[in-house]
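**Q** pasting the sequence and the predicted coordinates here, then a few questions.
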Amino acid sequence: MSTFEIVPGKIVKDLLDTSAAAVVDVVEDTYRRHDEGRTVNPDSYFLRFPAKPEARIIALPAVVELAEETVAGIKWISSFPGNVAQGRPRASAVLVLNDYETGYPMALLEAAEISAVRTAASAAVAARALARSIPGDGRLAVIGAGVIARTILRYLTVVGHRIDELLVFDLDPGSAAHLTRYAKDHLALPARAAASLAEALTAGTVVTATTAATPYIDRPLEPGQVALNISLRDFRPEVILAGQNYLDDVEHCLKADTSPHLAEKLSGGRAFVTGTLADVLAGRSVPDPASGVVFSPFGLGVLDLAVGRFVLAAAQRQGLAVEVPDFFGETRRW
Ligand SMILES: NC(=O)c1ccc[n+]([C@@H]2O[C@H](COP(=O)([O-])OP(=O)(O)OC[C@H]3O[C@@H](n4cnc5c(N)ncnc54)[C@H](O)[C@@H]3O)[C@@H](O)[C@H]2O)c1
């Protein structure tokens, strides 16, 4: 393998804009493969900056046995919350895919959209699986109105999640207004800004997609209420301990001061972990409508690889992957 291709963000975005249902299938399939031990997904590495404590760049290396081929690689994703004040997205990323035979890098993809859609697809796969035993009340609240929230809303509509009323809450009213308008204009959802956080927390399904670093929600979930805890640090550990908890991967999620990690520290154990999303998908665990349910996905690098491989294959089929001639300086040892 001595070719190297680049897939620019505009092409990635165009391909993903018309592939949401397929991405949901890729992500659900990858969760099953992870559960079957067909992946290696080491801990993410967080690069932090003493002079910019709010910013980070995270490395997510992984390998996954896909149906077509095994693919290895790494996502390198920045989170600079200060970008938002300039109107720029918080996150930016690249994904390197490596050939499993030779180890050679084979492609570089712009990956902010890949990361957003794999996150949104995780939420949608979980919402669909949980709704089989907990149908919800048709009211959806989104707390935190940024790029991730927007992508999750799109993916919830793709899996047919029931949304009779959408409440949007953000500390920044401008962001709440943007997402409310997007939901009405692009997704035809009956959306409005929530009057308060307290009002948002009454919805049957609550999605958190904020940049909160320290948990602040102390209202316990009601029976039959589902929280998609995407930003991971909004719910106080007491709320987590009082609910049923499904994680994407237990070892990953109980790290980095996520709400489940704080719940582990507070309770001194993991008895509060009900199971994984794969347990629900496989029918090994059935959520009980008698108490609230929290789904917490740490975000697995294997999902980025699987979605990235899907995008690269689509770009290659359509002649849209840009080959870099002579990318490798030496292709013969002697
Ligand atoms: N679990 C995963 O797999 C995964 C993957 C990707 C991103 N994320 C997380 O999703 C979150 C959102 O990402 P984004 O790119 O949309 O960010 P963003 O900066 O575009 O939007 C976040 C929004 O949250 C709002 N906010 C911050 N604190 C709040 C609070 N306490 N209450 C209400 N609103 C609040 C901000 O005003 C902002 O509008 C980030 O925390 C990111 O780390 C999780």
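**A** Here it is on my side, so go on. This is a predicted model, so every value here is computed, not measured.
**Q** name the residues of the protein found near the ligand, please.
**A** For the chain, the residues in contact with the ligand (Cβ under 6 Å from any ligand atom) are 79, 81, 84, 90-91, 115, 119, 143-149, 169-172, 175, 209-212, 216, 230-232, 297, 299. The way it works is simple: take the backbone N, C-alpha and C, and place the C-beta from them, glycine included.
**Q** now the stretch 51-200 of the chain against the ligand: closest residue?
**A** Per Cβ to the nearest ligand atom, residue 146 is where the stretch 51-200 of the chain lies closest to the ligand, at 2.0 Å.
**Q** which residues does that residue contact?
**A** Contacts for residue 146 (Cβ atoms under 8 Å, 6 or more residues apart in numbering) come out as 84, 90, 170, 175, 179, 209, 211.
**Q** format those residues as TSV; extra columns: neighbour count and pLDDT.
**A** Listed next are these as TSV, based on neighbours: other Cβ atoms under 10 Å; pLDDT from 0 to 100:
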residue	neighbour count	pLDDT
84	15	94
90	17	95
170	24	98
175	18	96
179	25	98
209	26	98
211	15	95
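**Q** output the below-cut-off pLDDT ranges for the protein.
**A** 1 (pLDDT under 70).
**Q** would you map the helices across it?
**A** Remark: helices assigned in the chain by DSSP state H are 9-17, 20-35, 112-131, 147-158, 173-187, 197-200, 237-242, 250-253, 259-267, 277-281, 301-317.
**Q** what angle sits between the third one and helix 301-317?
**A** For helix 112-131 against helix 301-317, the angle between stretch directions is 120 degrees (axes from the mean of the first three to the mean of the last three Cα atoms, to 10 degrees).
**Q** report the buried residues of helix 112-131.
**A** Buried positions in helix 112-131, judged by neighbour count with 16 or more other Cβ atoms under 10 Å: 112-131.
**Q** could you do the last one as well?
**A** Along helix 301-317, these residues count as buried under the neighbour rule (16+ other Cβ under 10 Å): 301-312, 314-315.
**Q** residue contacts, residue 257?
**A** Residue 257 neighbours (Cβ under 8 Å, 6+ apart): residue 233.
**Q** any idea how far residue 49 is from it?
**A** Using Cβ to Cβ, to the nearest Å, we find residue 257 at a distance of 18 Å from residue 49.
**Q** identify the residue nearest the geometric centre of this structure.
**A** The chain has residue 119 as the residue nearest its centroid, 1.8 Å off, counting by Cα atoms, centre = their mean.
**Q** that one reaches residue 148, doesn't it?
**A** Yes. Assessed by Cβ atoms under 8 Å, residue 119 is found in contact with residue 148 at 5.8 Å.
**Q** still on that earlier bit, I'd like the helices of the chain as TSV, with distance to residue 332 appended.
**A** Formatted as TSV, the helices of the chain follow (distance: least, Cβ to Cβ, whole Å):
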stretch	distance to residue 332
helix 9-17	32
helix 20-35	35
helix 112-131	33
helix 147-158	44
helix 173-187	52
helix 197-200	61
helix 237-242	56
helix 250-253	41
helix 259-267	49
helix 277-281	44
helix 301-317	25
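**Q** so for residue 220, which of those helices sits nearest?
**A** For the helices of the chain, the distance to residue 220 is smallest for helix 237-242, at 4.9 Å, taking Cβ to Cβ.
**Q** CA-only coordinates of that closest one in CSV, if you can.
**A** Provided in CSV are the C-alpha atoms of helix 237-242 (Å, rounded to 0.1, in the frame of the first residue of the first chain):
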residue,chain,number,x,y,z
PRO,A,237,-23.4,12.0,40.8
GLU,A,238,-26.5,11.6,43.1
VAL,A,239,-28.7,11.8,40.0
ILE,A,240,-26.7,9.1,38.3
LEU,A,241,-26.8,6.9,41.4
ALA,A,242,-30.6,7.1,41.6
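**Q** which other helices and strands contact it?
**A** Packed against helix 237-242 by the contact rule (3 or more Cβ pairs under 8 Å, 6 or more residues apart in numbering; DSSP states H and E) you find helix 259-267, strand 293-296.
**Q** ok, now with 6 Å
**A** For helix 237-242, the packing partners by 3 or more Cβ pairs under 6 Å, 6 or more residues apart in numbering; DSSP states H and E come out as helix 259-267.
**Q** and the contacts of the helix it packs on?
**A** Contacts to helix 259-267, defined as Cβ atoms under 6 Å, 6 or more residues apart in numbering, come from residues 215, 235, 237, 240, 241, 253, 254, 255, 270, 272, 296.
**Q** what residues of it count as buried?
**A** Of all the residues in helix 259-267, those buried under the rule 16+ other Cβ under 10 Å are 259, 260, 261, 262, 263, 264.
**Q** between these, which is nearest residue 191?
**A** Using Cβ to Cβ, residue 259 comes nearest to residue 191 of the buried residues of helix 259-267, at 26.2 Å.
**Q** spatially nearest residue to the closest one (excluding sequence neighbours)?
**A** Distance criterion Cβ to Cβ, 6 or more residues apart in numbering; nearest residue to residue 259, sequence neighbours excluded, is residue 235 at 4.5 Å.
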